[in-house]
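Undergrad: Need the 3D shape of this:
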Amino acid sequence: ALDRKPFMGNSIVFRGANAAPAITQARDTEEGPPRTEGVVSPREARGGKARSDSGGPDIHLQVFANRGVWIEDAAIQQLQTTARNLAGMRAAVGLPDLHPGRGYPVGAAFFSVGRFYPALVGGDIGCGMSLYSTELAAHKTSAPKLEKAVGNIDGPLPQELLDAVDMQQLEHIAQASGVADLAYLQDSLGTIGGGNHFAELQVVDTLYEDGALDRKRVHLMVHSGSRGLGGAILRAHVEAFSHDGLAASSDAATQYLRQHAAAIAFAQLNRASIAARLLRALRTRGQALLDITHNHVIAHHWRGEDGFLHRKGATPADQGLVVIPGSRGDYSYLVRPVAGRDEALHSLAHGAGRKWARTDCMGRLRPRFTLDELLRTKFGSAVVCADRELVYEEAPQAYKDVDSVVASLQEAGLVQLVARLRPLLTYKKGAMQCC
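TA: Predicted coordinates for the structure are as follows:
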C-alpha cells in the first residue's frame, strides 16, 4: 500500500437547494492552489445528497479525496452547480483528480435520467489511455537512445502506416461524424495533439501483482483523443441546442450518439496509429494491453433507474485494468478496479489532475527553472517538446501528486494496485522540420 494518510471520506454534503459545501480552505502556497477539504461525520462520509433546483429527487453527490490531495473550491462549486441545475440529474461524483474546467469540472462523473448532456463530455470525445508492451529490453534502453531514435513523429502518418489503415472504416467515421471529411481524418490520424496529451515510454518500477507486466520490457503509454473531431461535433451541438441537453428518445439524441460513436472510434484508431508510428521509429513491435476512454456518455443503469453516465476525465471502473498516469515527471499506476462501487458511479481518476491553471505556469515557474531543466525529470527521463510555452504549462509542478491521487482511490476501497511504471521518455511535440 502507498504510505499516505488514512482516507477521510471526503463527501461534500449539501443540505438544501442553496446550501454551500461544508469545507475548510487553506492559504494558497507555492505548492498549490487553495485546498478544500470535506468536513463530514463518519455517517455522512458514505455519501451526501443535494436537493435539485429543478424540483426533482435528491441528488447523490460525493467527492473522493484524502487530506493529501489538493481540491480547488472552484471545482467543488462547479460540481455542485452542475448537480443542482441540470434537469434529470441523479448523481455527481468528484474523483481525486477533480479540477475546474470550462464551465464543468474535470475528473468527474454524472448520472442523469431522461436527458443527457453532451457539454458534460466536452469537445475531446473519446479521449483516453492505451498501454502497450514492447519488445525493447529495459536494461538496454536509455533516455538519450530513445530520444534519438524517436526523432519527430508529428504530422500526417507515413504512407507505409496509412496504407495499413482500413479506409472503409475511416470513411464510415467521416460520414457518421457529419462534420469531417476523409482528408481531414487522414491528416489528423496518428497525431498526439496539444495540451496534456502525450506518448510515454516507461519501465516497470514496482510490481504489486506478480506477472502482471514484464519487468524486462519497455512499455508504451499513449494519451490522446479525437483530434478536433469531437470539438467540431460539440460546437455544432451547442450552436443548435446550447447547454440544455437532449431528451433521450429524440431524433437529436440519436444523431448526437451516432456522432459520439464516430469520435470514439476515431480516437481509438488514433491512439493505435500513434503507437504504430512510435514502434516503427523504434524498430520494434508491441502488443496492446488496454485502451480505455475517459470522455464519453453511455447508457447506464444505476440504483434502479435507466439513464446516462457522463464521464469527463473519469476512467471506467467496469472495464478491467486501467492506467492512471502522473505528470511527465512522476510515476504512472496500473490498477485493478474494485467491482460494484456504485457510489463512485463506477468511475476512477484518469490522471493526477491539474493543480495550477495553464495561465499561471509561466509566471510561477520561469523564475525558478530554465527550459533545459524542465526537459529532464527527477528520474533522469527526457521530455521531447519543442513548444516552450507547453513545456511550462505541462511541468510536473503544475499537477497534483499522483501518489496522493491513487492513495485516495486505494484507501476508499476503489482500486487494488497492480504495477507502478517510471518514465524514460515523454513525447509531446517534436521540433519543426525545416525541409
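Undergrad: so the closest residue to V63 other than its chain neighbours is in which element?
TA: Nearest non-adjacent residue to V63, counting by C-beta to C-beta, 6 or more residues apart in numbering: G94, 3.9 Å away. Glycine gets a C-beta too; all of them are placed from N, C-alpha and C. In this assignment (DSSP states H and E), G94 forms part of strand 89-99.
Undergrad: List the buried residues of that strand.
TA: 89-99 (16 or more other C-beta atoms under 10 Å).
Undergrad: Pull the most distant pair out of those residues.
TA: R90 and H99 (23.3 Å; C-beta to C-beta).
Undergrad: Do I have it right that S224 meets A272?
TA: No - if you go by C-beta atoms under 8 Å, S224 and A272 don't touch, sitting 10.3 Å apart.
Undergrad: Between those two, which has more neighbouring residues?
TA: Using other C-beta atoms under 10 Å as the criterion, S224 and A272 rank with S224 on top: 26 against 17.
Undergrad: related to what we said a few turns ago, the residue nearest to V63: what's it in contact with?
TA: 12, 62-65, 71, 75-76, 79, 105, 107-108 (C-beta atoms under 8 Å, 6 or more residues apart in numbering).
Undergrad: again with Y132
TA: 219-222, 275, 279, 286-289.
Undergrad: what does stretch 243-251 contact?
TA: 86-88, 103, 112, 114-119, 252-253, 256, 308.
Undergrad: Now the buried members of these.
TA: For the contacts of stretch 243-251, a burial check counting by 16+ other C-beta under 10 Å picks out 86-88, 112, 114-119, 253, 256, 308.
Undergrad: Next step: those residues restricted to helices.
TA: Here DSSP state H is the test, and those give 118-119, 253, 256 as lying in helices.
Undergrad: which pair in those residues spans the largest distance?
TA: Counting by C-beta to C-beta, the most remote pair of those is A119 and A253, 13.8 Å apart.
Undergrad: picking that back up, and of the contacts of Y132, the nearest to P367?
TA: The closest of the contacts of Y132, once distances to P367 are taken by C-beta to C-beta, is M221, at 31.6 Å.
Undergrad: May I ask you to confirm that that closest one is in contact with V323?
TA: Yes - counting by C-beta under 8 Å, M221 does reach V323; the two are 6.2 Å apart.
Undergrad: which residues do these two both contact?
TA: 129, 131, 332.
Undergrad: Kindly state the pLDDT recorded for the residue nearest to V63?
TA: For G94, the pLDDT comes out at 98.
Undergrad: is it in a bridge, and if so with what?
TA: Under DSSP bridges, the beta-bridge partners of G94 are V63, A108.
Undergrad: would JSON lines of the contacts of Y132 with secondary structure and pLDDT be doable?
TA: Output for those, formatted as JSON lines (DSSP: H, G, I helix; E, B strand; the rest coil; pLDDT from 0 to 100):
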{"residue": "H219", "secondary structure": "strand", "pLDDT": "98"}
{"residue": "L220", "secondary structure": "strand", "pLDDT": "98"}
{"residue": "M221", "secondary structure": "strand", "pLDDT": "98"}
{"residue": "V222", "secondary structure": "strand", "pLDDT": "98"}
{"residue": "A275", "secondary structure": "helix", "pLDDT": "98"}
{"residue": "L279", "secondary structure": "helix", "pLDDT": "98"}
{"residue": "G286", "secondary structure": "strand", "pLDDT": "98"}
{"residue": "Q287", "secondary structure": "strand", "pLDDT": "98"}
{"residue": "A288", "secondary structure": "strand", "pLDDT": "98"}
{"residue": "L289", "secondary structure": "strand", "pLDDT": "98"}
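Undergrad: Right, I'll leave it there.
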